[in-house]
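1. Task: produce atomic coordinates for the following.
(4 chains)
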There are 4 protein chains.
Amino acid sequence: MKPRTTPFSGVIPPVVTPLAADGTVDTVSLERVVRHLIDGGVDALFALGSSGEVAYLTDDQQEIVLDVVVKTAAGQVPVLAGAIETTTNKVIERARSATAKGVSAIVATAPFYTRTHPTEIDRHFRQIAAACELPVLAYDIPVCVHSKLSRELVRTLAADGVLAGVKDSSGDDVSFRQLALDLRDQSGFALLTGHEVVVDAMLLGGADGSVPGLGNVDPHGYRRLHDAASRGDWAAARAEQDRLARLFEIVAVADPASASGTAAGLGAFKTALAVLGVISANTVSPPMRPLTAEETDRITAILEQAGLR
Amino acid sequence: MKPRTTPFSGVIPPVVTPLAADGTVDTVSLERVVRHLIDGGVDALFALGSSGEVAYLTDDQQEIVLDVVVKTAAGQVPVLAGAIETTTNKVIERARSATAKGVSAIVATAPFYTRTHPTEIDRHFRQIAAACELPVLAYDIPVCVHSKLSRELVRTLAADGVLAGVKDSSGDDVSFRQLALDLRDQSGFALLTGHEVVVDAMLLGGADGSVPGLGNVDPHGYRRLHDAASRGDWAAARAEQDRLARLFEIVAVADPASASGTAAGLGAFKTALAVLGVISANTVSPPMRPLTAEETDRITAILEQAGLR
Amino acid sequence: MKPRTTPFSGVIPPVVTPLAADGTVDTVSLERVVRHLIDGGVDALFALGSSGEVAYLTDDQQEIVLDVVVKTAAGQVPVLAGAIETTTNKVIERARSATAKGVSAIVATAPFYTRTHPTEIDRHFRQIAAACELPVLAYDIPVCVHSKLSRELVRTLAADGVLAGVKDSSGDDVSFRQLALDLRDQSGFALLTGHEVVVDAMLLGGADGSVPGLGNVDPHGYRRLHDAASRGDWAAARAEQDRLARLFEIVAVADPASASGTAAGLGAFKTALAVLGVISANTVSPPMRPLTAEETDRITAILEQAGLR
Amino acid sequence: MKPRTTPFSGVIPPVVTPLAADGTVDTVSLERVVRHLIDGGVDALFALGSSGEVAYLTDDQQEIVLDVVVKTAAGQVPVLAGAIETTTNKVIERARSATAKGVSAIVATAPFYTRTHPTEIDRHFRQIAAACELPVLAYDIPVCVHSKLSRELVRTLAADGVLAGVKDSSGDDVSFRQLALDLRDQSGFALLTGHEVVVDAMLLGGADGSVPGLGNVDPHGYRRLHDAASRGDWAAARAEQDRLARLFEIVAVADPASASGTAAGLGAFKTALAVLGVISANTVSPPMRPLTAEETDRITAILEQAGLR
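-> The predicted model follows:
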């Protein structure tokens, strides 16, 4: 792997947002999640990502999350904050709020809901970067925003100093590899993968790090995986990844007849954290439903198979 | 057409949001738009719809828009307000704010950005309706939210009194027709089409009214079209629709190499209103670009051909 | 509606292909279908369309179908033949075979399976037309070929005499309406809708005719609908269409847990024809399953409600 | 990597189909391609794949291709044959023809053009396998057939002995990894990747081999890549892959304003082979256009940078 030239590399889990039964942010549980992750050896924290339920949290809830994460992290690791809004001005508003909370970087997607255009996406990131003091990372997540950041766009915005990195959740591994080649000599740019099941392969292909939702549940595993890859021990990296891929089966537990993929995934991470005693409850935001007791039992069994319990 | 049993029928344009050069809401122009529409004979106003640039406006801007529209309408026609947010709690927050401004109904989409599920969409609308005093209309706009409201879902939510209507911008005319048959005897439910180019056909098929973005430019035309259809004069309705379809060519003027469909459409409506002297400028929100002088000339020519200038 | 200037207008059902229990073409039943349709007053027949199971029939089966349809029609009405293949040379091969069988026109889609391009689609139709003596109609069916024929493309190919018509199954009623306006003065061009639930609306908007799969089951209904529209009696057209829309519920009978939309639709048409005694069995091609006895009972009930039995 | 338990592993390029200026198969050039690949050390040949232009070739052309490939391979390596048709009976017809030509395995996709269903896809492969004497591999290529083979389906069909392998061109690397884990102990099943830019990563993740279109141009490179991975030298595998990824830039040379992705990709492979003297001309099937002289110059330059000329 290339030498580290970016502070946003290694293992950067998207921090889940624990909720109390009444739907408010469970700040005590959130503090525990943050400590659990830092104790697990992560390199940074990504608050208010998709796994952090950002699309479900009101502005007030988002501010509480940042307060707790930044305060609990206490400078031990950088905190990246999602500013996930439909268009430019709204992103900037969130980014400024996050900046005031003391985070280290902003993560923003292309415009969504509205139809958009490559020239508009380009302008979008430039205007956000111009309005923010902090580094801006692009979040490439077509399953949510329904457009893909092109290799050309990312390359140009990297070269122009607009973007400090990209978190790739596109599933387009060909484009990712080509981008890794394009940006090999782009100092200070972070190429991160959001696909927790193929982190070894993405590191082999040139990623600087990962943003694994599953890292909430097993940060130590991703730490070991990253370290093995860093020292070139790909057999060990692969073995750890295979174990984590089996652990990832927790996201397939929820009955698809009554749960979206989001509810199944978020719900599984939260349920696992509750089973592990890190958070108090597996409550999720409306209109999602929480995982049932039976589903929780199946997740407990998978945690045991993975040696986590 | 069926007898009117809903206050949300007829011509209900989605009100554009004029902006000053600095990006703030141009409240004077917005007042003029509202008066222009009421003078044009519209039956109601839909503020903060897609054509109202809702996805681009900050919360503060949205509140200003509602203040101006409600105050200017002054009870002459009902005002519907979009509460367009990614998920339930955020929609409810917006809906409560709009309710406090004095609007008559709330318009909300299915969840977006996040992946969703039929059971979640069902719960979403039920929770919104339970949290709002006002009637709730569903906004079916797959091009923005990437899921389609199923005929079964709408039928059930109508029967259960959750929804007071649907604004259909899905382009699925088969489903629309079937829904019209399903809901023929559903008193008080408004079935509205968002497709301004086929309003005559949708009225023939059972729509109660239309939400035509182009109605900002030519409210009188949609008034005449609706009235002709109401009295069964389909030849006249069709002739008016054909004229309006030709006027709709303004949305194809912007160069697609540098404008999204949204920028081209919104930009054309605003440019036409500026040419007609209703608003002061054709400014659009970032990251869109406004139409150019050359594009404005072409829009002017189309307005002239349509007899509007 | 505009005066008839094309031989391919009015009611043109896509003829279903009855199969024997062993999967071979049931030629006796096919003859009965053709007579049933001609007795029902249709204007032309479309053999080897999607409803004719063309994508499931081997070349030999396709040739048998054309033999039977052409021979049974015996010049009473024109026969259009689908030449549905992935790319140009393969379409031309099918088109030549159909021409030799004595059909009156060829219907072809854009390339599919392979990724394609507007310039390639343009060339595709030009090369097909150049290689065929017969008129060529374009079949616009994005749900199958995954690209939409643009308004500009159809307009150009119509003006250049390449296309003699289009069968629109795109569901894009805005584009359809705009095309109807564009082609209003294009003599000899047939604008046909494939959406059997909104034929009245499409005729109001300028269609020359329809290609209703459901017309296999109730050709008389579509005849009455078309005639009412032709004489400007839109209330009668709408009433007939509403009745047919209810009949169309037969396509929703098959259990979606074990039948594709194609199997449900084709299976329903065939089952209805079997119930009505027109064909001997409701066999469908592999890998589809036929409708069950229970599903058949539900279809029988719908046929009775529609007054067909 | 797991021990070889399948004859269909290693490097298996999808053989391009050279064409003469008049569009007929250039059998002399095709013989040279086959020898070029075997000399390059490939483990097997895949004739009539997407890169083999299968969707563009008539039945007669397809038979000529198989004759030449099987005869020229002369038993040195196995030949897999694509049987790419819309539905079951048509696939079986092609598969039987290929079997008679002496190939070693059949490769088939899910149904396309028609809408399909998981139960139908399951039945499709079972019926094909039952009708063929040869091993059947599934071709998972959603970009062409617009459905993805689910992990569960492939796992079941593998366990039931229906499928002897899968060629994955889905780009869904998460599913691919999970399948690799699922099938780790499935003796005799071949898990092949079709993504030539990430072969190293896919091999790390458990693939048995690759089907690289680019392997037509540089079979030796893929041989070295596979061998490095086989001996666990991932740094060498990655370096070779990076070189090949840069070579893959040839597919981005064709002007996207006048060439589909297919035309750009196929056209680049053929142009490179023509530049290298393996085939006589870069002719492609209608409605595609061949690469221009200027585009050829750019491809020549990339070949030189990659050390191939």
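2. hey, let's count contacts and neighbours off CA atoms from now on
-> Fine.
3. What's the separation between the closest residue in space to A:G209 that isn't next to it in sequence and chain B?
-> In space, and not counting its chain neighbours, A:G209 is closest to A:G10: 4.1 Å by CA to CA, 6 or more residues apart in numbering or on different chains. Remark: distance between A:G10 and chain B (CA to the nearest CA, to the nearest Å) = 26 Å.
4. Any idea how many residues pack against A:G10?
-> 26 (other CA atoms under 10 Å in any protein chain shown).
5. Quick check: pLDDT value at it.
-> On pLDDT, A:G10 comes in at 98.
6. Please name the residues that touch A:G165.
-> With contact set as CA atoms under 8 Å, 6 or more residues apart in numbering or on different chains, A:G165 has these partners: A:F8, A:V136, A:L137, A:A138, A:A158, A:F189, A:A190, A:L191, A:L192.
7. The second one pairs with what?
-> When bridges are assigned using DSSP bridges, the partners listed for A:V136 are A:I106.
8. residue contacts, it?
-> A:A105, A:I106, A:V107, A:A108, A:I128, A:A129, A:V162, A:L163, A:A164, A:G165.
9. of the residues you listed, buried ones?
-> A:A105, A:I106, A:V107, A:A108, A:I128, A:A129, A:V162, A:L163, A:A164, A:G165 (16 or more other CA atoms under 10 Å in any protein chain shown).
10. how much space is there between the closest residue to the last one other than its chain neighbours and chain D?
-> Translated: A:G165. Closest residue in space to A:G165, ignoring its immediate chain neighbours: A:A190 at 4.1 Å, by CA to CA, 6+ apart. Distance of A:A190 to chain D, computed by CA to the nearest CA: 19 Å.
11. just to revisit the earlier point, which of the contacts of A:V136 fall in strands?
-> Using DSSP state E, the members of the contacts of A:V136 that fall within strands are A:A105, A:I106, A:V107, A:A108, A:G165.
12. from those residues, which is closest to C:A201?
-> Checking the ones in strands among the contacts of A:V136 against C:A201 with CA to CA, the nearest one is A:A108 at 44.0 Å.
13. Could you pull up the residues touching that closest one?
-> A:G82, A:A83, A:I84, A:E85, A:V91, A:V136, A:L137, A:A138, A:Y139.
14. Sort out for me which of those residues are in helices.
-> Counting by DSSP state H, the part of those found in helices is A:V91.
15. Quick one: the contacts of A:A108 as JSON lines, columns for pLDDT too.
-> Formatted as JSON lines, the contacts of A:A108 follow (pLDDT from 0 to 100):
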{"residue": "A:G82", "pLDDT": "98"}
{"residue": "A:A83", "pLDDT": "98"}
{"residue": "A:I84", "pLDDT": "98"}
{"residue": "A:E85", "pLDDT": "98"}
{"residue": "A:V91", "pLDDT": "98"}
{"residue": "A:V136", "pLDDT": "98"}
{"residue": "A:L137", "pLDDT": "98"}
{"residue": "A:A138", "pLDDT": "98"}
{"residue": "A:Y139", "pLDDT": "98"}
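16. out of the contacts of A:A108, which are buried?
-> For those, buried by 16+ other CA under 10 Å: A:G82, A:A83, A:I84, A:E85, A:V91, A:V136, A:L137, A:A138, A:Y139.
17. residue ranges with poor pLDDT in chain A?
-> Within chain A, the stretches with pLDDT under 70 are A:1-5.
18. any chance you could map the strands in it?
-> Using DSSP E, strands in chain A cover A:10-11, A:45-47, A:79-82, A:105-108, A:136-140, A:165-168, A:190-193, A:209-210.
19. And the ones you listed: which comes nearest C:T72?
-> strand A:136-140 (58.6 Å).
20. quick one: the closest residue to chain D within the stretch 201-309 of chain A from D:L276, how far?
-> The stretch 201-309 of chain A approaches chain D most closely through A:A201 (4.6 Å), counting by CA to the nearest CA. Distance, A:A201 to D:L276, using CA to CA, to the nearest Å: 32 Å.
21. Mind checking which of these two has more residues around it?
-> The residue with more neighbours, out of A:A201 and D:L276, is A:A201; 26 against 15, by other CA under 10 Å.
22. Quick check: closest non-adjacent residue to that one.
-> Using CA to CA, 6+ apart, the closest residue to A:A201 is D:A201 (4.6 Å).
23. What residues does chain A have near chain B?
-> Residues of chain A that fall close to chain B, judged by CA under 8 Å from any CA of the partner chain: A:50, A:55-58, A:86-90, A:93, A:112-121, A:123-124, A:127, A:143-145, A:258-262, A:286-289.
24. Filter the residues you listed down to just the ones in helices.
-> Going by DSSP H, the helices hold A:88-90, A:93, A:118-121, A:123-124, A:127, A:143-145, A:261-262 from the residues of chain A next to chain B.
25. how close does the closest residue to A:L153 other than its chain neighbours sit to chain D?
-> The spatially closest residue to A:L153, leaving aside those adjacent along the chain, is A:D122, at 6.9 Å (CA to CA, 6+ apart). Using CA to the nearest CA, we find A:D122 at a distance of 20 Å from chain D.
26. Can you report how many residues lie near A:D122?
-> If you count neighbours by other CA under 10 Å, A:D122 ends up with 18.
27. repeat for A:R115
-> For A:R115, the count of nearby residues is 16 (other CA under 10 Å).
28. what's it in contact with, if anything?
-> By CA under 8 Å, 6+ apart, the contact list for A:R115 reads B:V143, B:C144, B:S260, B:G261, B:T262.
29. Thanks again, I'm all set now.
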